[in-house]
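In: Dropping the sequence and predicted coords here.
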Amino acid sequence: MAFERLIERGKKVAAWVERPTVFRVLQIVLPLAFLGLLVAKAWLAEDAYITFRVIDNALHGYGLRWNIDERVQVYTHPLWMFANLLVMACTREEFFTGIGLSLVVSMACYLLLQRGYRAQPLVVVGMLFLPLAMSRSILEFFVSGLENPLASLLLAVFFLMFLRGKRVPWFWLGLTASGLLLTRFDLVWFVLPVALFLLATQWHRLRWGKVLLASLPLAGWCIFSLLYYGFVFPNTKYAKLNTGIAWDDTIRQGLRYYADFFWNDMPSCYLLVLAVGYAAYRLVRHRWEALYDRHVMVALGVVIYLGYLLAIGGDYMSGRFFTAPLTVTLILLADVAWCSTPQQRRIWVLFVAMGVLVLGLIGRYTEVIDVVGSNGIANERQFYKKRTSLLGNLPDKKALDTYHWVQSGRALRHTVPEGLRGVMPQMETRGNAGMNPYFGGPHIAYIDPFGLADALLARLPLVDRRSWRIGHFVRILPAGYRQFRETGDASAMDADLAVYAQALHTIIADPFWSWERLRTLVAFQLGAYDQYRDRYVAQVLQRTDWPLSRITHPRQMQVLLDEVVDYAEALNMTIAVGTPYRFSSPRLVKAKALHVAALKACHFQFDFEKDGQVLGTVRTGEVRLPPQAQKQYIDEYEMLVLPPAVRRGGFDTLVVTYAGHPRLPGPSCMGMAPTLLYVSFD
């Protein structure tokens with residue numbers, strides 16, 4: 001009885017919404033309400049500042065570069081970058097500009113959807129506005145400074161033309177497809193089923209001239225990117241997909257990303273299930289005939305994209321990569337309702353709207369509010385909202401200006417002498433590629449250990465493939481690499497890696513039209529230098545037998561507590577989880593105590609051997625830093641007394657095994673592969 005009463009009330013509400021006078025009012029109220037929700041949630045993601053740094057350097061005359069001494073494409077969204085560049089060229093300000101542009105594009109997307117289905121008020125209210133207003137992913141990432149709203153806007157344009165047009169607008173459809181790929185290359189998975197459908201059903205009507213003309217922006221960018229940066233794809237593609245992590249580990253992380261999405265955004269998850277279910281139903285019932293259904297092609301695009309998202313392990317930002325399939329799903333469901341009879345439409349809208357409302361209420365009690373979970377997935381807005389939210393920074397950006405990453409960047413900016421600005425950039429190593437480098441200014445060159453902004457590190461696999469965080473794949477900085485970046489001298493690097501690094505540096509740093517650069521670029525693209533990288537990986541990165549000098553500091557351990565440790569040096573020895581590393585000495589070492597400094601508060605085991613026999617074992621515990629070391633990158637420092645047999649007889653081999661992080665089991669360690677800085681002996 002209660003369910004029947006609910007249905008009856010739903011029908012009355014539907015009849016009320018369909019009144020012409022009521023809907024005319026709603027056409028004004030709904031956009032304003034959606035705008036209010038977006039403003040309340042507006043913030044800037046730290047990753048947006050990666051693109052802002054490129055824009056800032058371009059506006060200062062250094063070109064589309066993240067570091068001014070090399071050309072590396074650190075952004076994944078060329079079209080979004082150019083949109084921000086045009087607006088920031090006028091405003092010369094990043095915070096309110098980034099949020100303002102996101103708001104404008106987000107509202108354009110909503111108004112386009114509302115206009116596309118304005119003839120059906122019930123569809124607009126129950127299948128567009130309500131799901132958008134209840135979607136945590138949409139509200140948090142439409143106004144975040146990232147490319148999400150532009151991707152959704154272009155997807156809306158593309159699929160509305162595909163579904164609603166009486167004739168195929170070849171040029172505009174192709175131009176929108178080019179825009180989608182220029183926004184993110186992985187949006188191709190939505191376009192692919194539509195392209196195959198049109199080729200199969202409209203071959204005799206295909207206008208090749210218009211299609212080729214529409215593809216010129218995409219082709220032009222690919223040519224420019226290849227010549228300017230040396231590569232068609234952004235550097236982040238190599239950094240995030242060239243990790244060496246086993247595919248089954250990646251799939252498991254992708255499942256964690258889906259589980260996080262389910263618990264944190266149930267209404268949106270419900271909508272995606274409907275889209276997948278619709279495709280499955282049509283294919284099972286009509287089989288091959290379903291492939292000639294445009295709605296099925298749209299649903300297949302969603303399914304393929306969701307499969308791709310699973311295959312790459314998702315992302316570390318909770319919900320971010322679900323906004324694109326959600327937008328397509330809303331268009332699909334709305335269009336299915338549009339094509340139904342009035343009675344079927346009411347039932348379909350009530351089914352969708354009631355599900356969204358009920359799951360939205362349930363989701364308030366299931367939402368996981370952890371800033372960063374043990375699965376490595378973060379509630380990114382929750383982490384940054386106190387510092388980068390729009391409402392928290394009105395009117396003078398005070399919250400942003402007091403953020404420690406902003407302050408440290410500005411402090412670094414003032415360390416560059418006036419006479420060296422624009423001549424030789426000062427070198428820093430930071431794991432933060434957004435705010436700190438942006439506010440540090442163009443005259444500081446950064447080495448990014450995550451590889452997002454570093455061409456060489458992005459092409460090196462992880463050493464520890466069991467302790468990682470999605471989206472934060474730390475590479476070890478090869479010995480001598482910092483010296484090479486500062487001076488161009490690769491003599492301190494491994495011989496094979498030096499050849500590879502010099503060739504890569506020629507491509508990204510030499511004069512644009514240099515004949516040597518172009519020759520090296522062709523050879524590099526053909527794989528002529530891959531052998532040098534592969535030998536380095538096999539002989540160095542995967543090596544577990546080393547001389548003891550590799551991890552023994554040349555001075556006493558207390559020096560580490562008095563001077564800032566170079567982060568580049570710190571990452572030269574990465575210990576993989578559960579793998580014994582043997583460090584041998586050419587002479588007998590006699591000591592009473594072992595001093596250990598490590599990047600993470602993780603547990604290590606040290607076995608002391610003499611002539612192949614284990615004399616004793618010691619283990620580290622989780623120890624906090626002394627006050628004088630708080631300013632440094634060391635997270636753990638400990639002095640361990642050696643066993644009596646080791647003190648008496650000495651040892652010639654130290655076997656080190658990383659036993660894991662005490663609080664973060666599995667592939668996490670918060671994105672930092674546990675790295676042994678140095679050991680020393682008393």
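Out: Great, that's in hand. Predicted, not measured: the structure shown is a model, and the values here were computed from it.
In: what helices or strands is the strand or helix carrying Ala445 leaning on?
Out: Ala445 is located in strand 444-447, with elements delineated by DSSP states H and E. Contacts of strand 444-447 with other secondary structure elements, assessed using 3 or more C-beta pairs under 8 Å, 6 or more residues apart in numbering; DSSP states H and E, are made with strand 426-429, helix 435-440, helix 481-487. All C-beta spots, glycine's among them, are computed from the backbone N, C-alpha and C.
In: then the second one to PDB, C-alphas only?
Out: If I follow you right, that is helix 435-440. This file holds the C-alpha atoms of helix 435-440, laid out as PDB (Å, rounded to 0.1, in the frame of the first residue of the first chain):
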ATOM      1  CA  MET A 435      51.000  24.600  -6.100                       C
ATOM      2  CA  ASN A 436      54.600  24.700  -4.900                       C
ATOM      3  CA  PRO A 437      56.100  24.900  -8.500                       C
ATOM      4  CA  TYR A 438      53.400  27.400  -9.600                       C
ATOM      5  CA  PHE A 439      54.100  29.800  -6.800                       C
ATOM      6  CA  GLY A 440      57.800  29.100  -7.000                       C
END
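In: what's next to that helix, contact-wise?
Out: With C-beta atoms under 8 Å, 6 or more residues apart in numbering as the contact definition, helix 435-440 has outside contacts at 46, 49-50, 52-53, 56, 66, 94, 403, 405-406, 408-410, 412-413, 428, 430, 444, 446, 453.
In: average pLDDT for stretch 364-372?
Out: For stretch 364-372, the mean pLDDT works out to 72.
In: what's the offset of that stretch from the middle of its chain?
Out: Chain-centre distance of stretch 364-372: 21 Å, with C-alpha atoms, centre = their mean, to the nearest Å.
In: Now do the buried residues in it.
Out: Across stretch 364-372, burial judged by 16 or more other C-beta atoms under 10 Å covers Val372.
In: May I have that stretch exported as PDB, CA atoms only?
Out: Taking only C-alpha atoms (Å, rounded to 0.1, in the frame of the first residue of the first chain), the coordinates of stretch 364-372 have been written out as PDB:
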ATOM      1  CA  ARG A 364      24.400  10.000   3.300                       C
ATOM      2  CA  TYR A 365      25.000   7.200   5.800                       C
ATOM      3  CA  THR A 366      27.400   5.100   3.700                       C
ATOM      4  CA  GLU A 367      29.700   7.900   2.500                       C
ATOM      5  CA  VAL A 368      33.300   7.400   3.500                       C
ATOM      6  CA  ILE A 369      34.700  10.800   4.600                       C
ATOM      7  CA  ASP A 370      38.400   9.700   5.000                       C
ATOM      8  CA  VAL A 371      40.600  12.200   3.300                       C
ATOM      9  CA  VAL A 372      42.900   9.400   2.100                       C
END
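In: before we move on, the earlier item: strand partners (parallel or antiparallel) of the strand holding Ala445?
Out: Each strand paired with strand 444-447, and its direction, by DSSP bridges: strand 426-429 (parallel).
In: Could you check stretch 188-203 and say which residues are buried?
Out: Val188, Trp189, Phe190, Val191, Leu192, Pro193, Val194, Phe197, Leu198.
In: Convert the C-alpha atoms of stretch 328-341 to PDB, please.
Out: Extracted C-alpha coordinates of stretch 328-341, given in PDB (Å, rounded to 0.1, in the frame of the first residue of the first chain):
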ATOM      1  CA  VAL A 328      26.600  10.300 -21.400                       C
ATOM      2  CA  THR A 329      24.400   8.100 -19.200                       C
ATOM      3  CA  LEU A 330      22.000  11.000 -18.400                       C
ATOM      4  CA  ILE A 331      21.700  11.800 -22.200                       C
ATOM      5  CA  LEU A 332      21.100   8.100 -22.900                       C
ATOM      6  CA  LEU A 333      18.400   7.700 -20.300                       C
ATOM      7  CA  ALA A 334      16.700  11.000 -21.200                       C
ATOM      8  CA  ASP A 335      16.600  10.100 -24.800                       C
ATOM      9  CA  VAL A 336      15.200   6.600 -24.100                       C
ATOM     10  CA  ALA A 337      12.400   8.300 -22.200                       C
ATOM     11  CA  TRP A 338      12.000  10.900 -25.000                       C
ATOM     12  CA  CYS A 339      11.400   8.100 -27.500                       C
ATOM     13  CA  SER A 340       8.800   6.300 -25.300                       C
ATOM     14  CA  THR A 341       5.100   6.700 -25.100                       C
END
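In: what sits up against that stretch?
Out: Applying C-beta under 8 Å, 6+ apart, the set of residues contacting stretch 328-341 from outside is 113, 116-117, 120, 122-123, 127-128, 131-132, 155-156, 159-160, 163-164, 190, 271-272, 274-275, 278, 295, 298-299, 301-302, 344-345, 348-349, 352.
In: one step back: out of the contacts of helix 435-440, list just those in helices.
Out: Among the contacts of helix 435-440, the ones falling in helices (DSSP state H) are Tyr49, Ile50, Phe52, Arg53, Asp56, Trp405, Val406, Ser408, Gly409, Arg410, Leu412, Arg413.
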